[in-house]
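Chemist: can't give you the sequence, but here's the structure:
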């Protein structure tokens, strides 16, 4: 990874992401084996009890899932590859976000039987958000029901990819033997105990016709991105290997083309060709446009260049508290830095000396002296938060941080005994720094500590980690869904706040209206100042805005934040002596409450996108269960004897679903769930919620 070894053209920063259980970690494990980083292969749920290298947490090994993205690096045919294996489970979606934010290319893994699944759609959306070019690897070709052609079709239909095979499978299921490289038209077989001996032969005669047809389709598709290849295709001339590779690279980097490869990581087939493809078709750091904002120049956009002699700019994308203290993962975008240098945190202006620089290999580390643009390294002893930008102090740039989704579920949590409370707060502190989707606050009314996150599993893992890593037993309350309140119609307010109590009084009048924001608005609150003629002096306008912002923090129906509101003030009055900021802030709060009563307020609940799979004979039962939980079935189909049901279900109704599903399907049903949107709660449910809220308030008042 250090710049001295290879030129930047030979550096690849890639991530592997996919739906849960598509074989990402198994694939990473094989990559490390073939690049000589590890000398034995361990399976994710291995019988040897060792577990995969990339799953370094005990919890990951027990559950057989990846929780934290692990970073490592390896060398392949003179190229340096920095590799990040990301979780597939939706509850750990921020791990995927933070990885894609700093990577230059990605490998999207699909299962050859299931094809594009709900989580594949999510990671695809994330790749598009960060404009990451990708190669698709259709894995598990050895499984019964393997069909890569269906996978390619699903990439086109479900994800709107311009997807084409660049390797063609030789056989499938238990007859899967190897692959034909459509670029060279040679067949590759993987011999030896772990597929480490690659044997190259002529393309088998029985599939030559099909392979030629697919090569022709490929040439036609990439001809749109490369004039020379396009012309040769139209004139029926042969396209050379180098020309075709150049065209596939151009097409992939344009983000409008996805090369698709086939293989089986578990059976050690096709992984070496995937590594070759990473070097041929994915970008080096200098081929991606990275933008920073210049804080000294009105946030003017600056394009960073992957050159070592320019001012240093790096982004901290992941924090990890290890046994040696805080480890900060950095992606270096520009310049270079040495051990012992002083760097500046653009977000808070603090300067830090770098005591140690390391390269990570899962949870092992190798000390290095220097690193430069394009590298992904870890710094020791640098205190910061996820998403902070660092520079050498000559410039004040900040990189845009990553997208962080809102929490949808909360739990009350407390240490079992008083003695554990110091460790308890240490743990919560550490986790909030590490994970932006994990939030902690105190509930003033009940005096409880509330943790919020992306789903049941997300919070369950953190409770388990408090117990294991901080030796602190915790008591967990019932899960609480993150409801919201909103308004459905326009309503006016005209409120005068007057207080006279001897000496200087208080006076402020605000008038205007509140109305719903458009449904597609990204904002949750908007303030419009339509005051003319100075009826409210300019210096009191921010106080009005503050008052409204305070009012939307807690709704009057069930005490949850109010979203989707535009507040406009267009009239008011002030008093030369008695008016002050407090008067107008109070008037704004009371004015908002007055209008809220008339604005058709309603409760919103988080709706989850649910995808359930179960053997076909249980289809009716599964659909019945979803309907009972107020679910709306959006789509259902079957694949290889399994029913796949897509639905939208309120999160409130989803607790205990996994147990119900298992018992109804003899343990064969499985599901994935992710946040889709907020929508209005049915009237009867809302009335019930309001009643409970009023009772809770009354009980609190009695105390």
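Modeler: That came through fine. Since this is a predicted model, take the numbers as computed values, not measurements.

Chemist: after the worst-scoring helix or strand of the chain on mean pLDDT, next one along is what?
Modeler: Lowest mean confidence among the helices and strands of the chain (mean pLDDT, DSSP states H and E): helix 58-63, at a mean of 47. Per DSSP states H and E, the first helix or strand lying C-terminal to helix 58-63 is strand 70-76.

Chemist: now for the very next helix or strand once past that next one, which elements pack on it?
Modeler: The helix or strand immediately downstream of strand 70-76 is strand 79-85, counting by DSSP H and E. Applying 3 or more CB pairs under 8 Å, 6 or more residues apart in numbering; DSSP states H and E, one finds that strand 79-85 makes contact with strand 11-18, helix 24-34, strand 70-76, helix 271-281. Heads up, the C-betas are built off the backbone N, CA and C, glycines and all.

Chemist: what about the second one, average pLDDT?
Modeler: I take that to be helix 24-34. Taken as a whole, helix 24-34 has an average pLDDT of 79.

Chemist: and if you look at stretch 307-319?
Modeler: For stretch 307-319, mean pLDDT is 85.

Chemist: and if you look at stretch 680-689?
Modeler: If you average the pLDDT values across stretch 680-689, you get 92.

Chemist: Report the buried residues of it.
Modeler: Buried residues in stretch 680-689, defined by neighbour count with 16 or more other CB atoms under 10 Å: 681, 685-686, 689.

Chemist: Same check on stretch 512-522?
Modeler: Of the residues in stretch 512-522, 512-517 count as buried by neighbour count, 16+ other CB under 10 Å.

Chemist: Save these as CSV, and put in distance to residue 444, secondary structure and pLDDT too.
Modeler: Compiled in CSV, those are given as follows (distance: CB to CB, whole Å; DSSP: H, G, I helix; E, B strand; the rest coil; pLDDT from 0 to 100):
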residue, distance to residue 444, secondary structure, pLDDT
512, 29, strand, 96
513, 30, strand, 96
514, 25, strand, 96
515, 30, strand, 95
516, 29, strand, 94
517, 28, coil, 92
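
Chemist: and which of the residues you listed is nearest residue 569?
Modeler: Of all the buried residues of stretch 512-522, residue 569 sits closest to residue 512, with 3.9 Å by CB to CB.

Chemist: can you pull the contacts of that closest one?
Modeler: The neighbours of residue 512, taking CB atoms under 8 Å, 6 or more residues apart in numbering as the test, are 492-493, 530, 567-571, 591.

Chemist: Leaving out chain neighbours, which residue sits closest to it?
Modeler: Nearest non-adjacent residue to residue 512, counting by CB to CB, 6 or more residues apart in numbering: residue 569, 3.9 Å away.

Chemist: show me what contacts that neighbour?
Modeler: Contacts of residue 569 were listed using CB under 8 Å, 6+ apart, and they are 510-512, 528-531, 536, 541, 544, 588.

Chemist: Export those as CSV, with columns for distance to residue 265 and secondary structure.
Modeler: As requested, the contacts of residue 569 are exported to CSV (distance: CB to CB, whole Å; DSSP: H, G, I helix; E, B strand; the rest coil):
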residue, distance to residue 265, secondary structure
510, 64, strand
511, 66, strand
512, 61, strand
528, 55, strand
529, 59, strand
530, 61, coil
531, 64, coil
536, 66, coil
541, 61, helix
544, 60, helix
588, 59, helix
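
Chemist: just the buried members of those residues?
Modeler: Buried residues within the contacts of residue 569, counting neighbours by 16+ other CB under 10 Å: 510-512, 529, 531, 536, 541, 544, 588.

Chemist: before we move on, back to that, among the buried residues of stretch 680-689, which are in helices?
Modeler: 685-686, 689 (DSSP state H).

Chemist: of these, closest to residue 463?
Modeler: For those, the nearest to residue 463 is residue 689 (26.1 Å; CB to CB).

Chemist: Now the closest one: closest residue in space, sequence neighbours ignored.
Modeler: Among residues not flanking residue 689 along the chain, residue 558 sits closest, at 5.0 Å (CB to CB, 6+ apart).

Chemist: what do you get for residue 664?
Modeler: Nearest residue to residue 664, sequence neighbours excluded (CB to CB, 6+ apart): residue 621, at 5.0 Å.

Chemist: what ranges do the strands span in the stretch 201-350 of the chain?
Modeler: Residue ranges of the strands in the stretch 201-350 of the chain, as given by DSSP state E, counting those that start in this stretch, are 258-262, 290-294, 300-304, 313-322, 325-334, 336-338, 342-345.
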